[in-house]
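Q: predicted structure and sequence below. I'll ask about it afterward.
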Amino acid sequence: MGMHAHSRPGRGRRRAPMAEINVTPLVDVMLVLLIIFMVTAPLLTTGVPIDLPDSRANALGQQEANQIEISLDSEGYIFIADEQVPVGGFPVALAGIPREGGGGPPQVTLRADKQLDYGRVMAVMGELNRAGFNRIEMVSAGSSVEP
């Protein structure tokens, strides 16, 4: 008895590749990630705990891309972003800050604890000026201080 090699219906035919992609799960995941980032991003802006002084000054606009944050805590220690600067090493740390393109030095946002002596804050501002950082914003807490 010989075997016959004839094909049955349904066998041997290949399915055409599916050309559609279901993007609904991708969109769902991206929306969840967007919500997570929107909730956590404001919490990541301040790293050094500082008791800011109160002020009736108007709020500033959006922050620039070319900006650094300098903080002075209640003990008088200096922080660039979230990293503490060694005592006496502030001028060296300022010299190490990159200058972007021909736009000059970056905008400096200065946050100082309200318990600090005015002279300490002015000494830091003097070092910033000496290093060529002439655009300084001082941050305060919004308040209801009476004039």
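A: Cool, the structure landed.

Q: CA atoms for contacts and neighbours, from now on please.
A: Noted.

Q: as a whole number, average confidence for the longest helix along the chain?
A: When the chain is parsed with DSSP state H, its longest helix is helix 24-40. Mean pLDDT, helix 24-40: 91.

Q: got the CA positions of it in CSV?
A: Taking C-alpha atoms only, helix 24-40 is exported to CSV below (Å, rounded to 0.1, in the frame of the first residue of the first chain):
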residue,chain,number,x,y,z
THR,A,24,-4.8,50.5,24.0
PRO,A,25,-2.7,48.7,26.7
LEU,A,26,0.3,51.0,25.7
VAL,A,27,-1.8,54.1,26.0
ASP,A,28,-3.1,52.9,29.4
VAL,A,29,0.4,52.3,30.7
MET,A,30,1.6,55.7,29.4
LEU,A,31,-1.3,57.5,31.1
VAL,A,32,-0.6,55.9,34.4
LEU,A,33,3.1,56.8,34.1
LEU,A,34,2.2,60.4,33.3
ILE,A,35,0.0,60.6,36.4
ILE,A,36,2.8,59.2,38.5
PHE,A,37,5.3,61.7,37.2
MET,A,38,2.9,64.6,37.6
VAL,A,39,2.3,63.7,41.2
THR,A,40,5.9,63.0,42.2
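
Q: i'd like the first residue to be 747 from this point on
A: All set: I'll call the first residue 747, so the last point we hit is now helix 770-786.

Q: that helix packs against which elements?
A: Using 3 or more Cα pairs under 8 Å, 6 or more residues apart in numbering; DSSP states H and E, no helix or strand is in contact with helix 770-786.

Q: got the buried residues for that helix?
A: The neighbour-count check on helix 770-786 (16 or more other Cα atoms under 10 Å) flags nothing as buried.

Q: can you check stretch 859-874 too?
A: The neighbour-count check on stretch 859-874 (16+ other Cα under 10 Å) flags 859, 860, 867, 870, 871, 874 as buried.

Q: CA atoms only: put that stretch into PDB for me.
A: Extracted in PDB, the C-alpha atoms of stretch 859-874 (Å, rounded to 0.1, in the frame of the first residue of the first chain):
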ATOM      1  CA  ASP A 859      17.000  79.800  56.200                       C
ATOM      2  CA  LYS A 860      15.300  82.700  58.000                       C
ATOM      3  CA  GLN A 861      17.400  82.000  61.200                       C
ATOM      4  CA  LEU A 862      20.600  82.800  59.400                       C
ATOM      5  CA  ASP A 863      22.500  86.000  60.000                       C
ATOM      6  CA  TYR A 864      22.100  88.600  57.200                       C
ATOM      7  CA  GLY A 865      25.900  88.800  56.900                       C
ATOM      8  CA  ARG A 866      26.200  85.100  56.100                       C
ATOM      9  CA  VAL A 867      23.700  85.400  53.300                       C
ATOM     10  CA  MET A 868      25.500  88.500  52.000                       C
ATOM     11  CA  ALA A 869      28.900  86.700  52.100                       C
ATOM     12  CA  VAL A 870      27.400  84.000  49.900                       C
ATOM     13  CA  MET A 871      26.000  86.600  47.500                       C
ATOM     14  CA  GLY A 872      29.400  88.300  47.400                       C
ATOM     15  CA  GLU A 873      31.100  85.000  46.400                       C
ATOM     16  CA  LEU A 874      28.400  84.500  43.700                       C
END
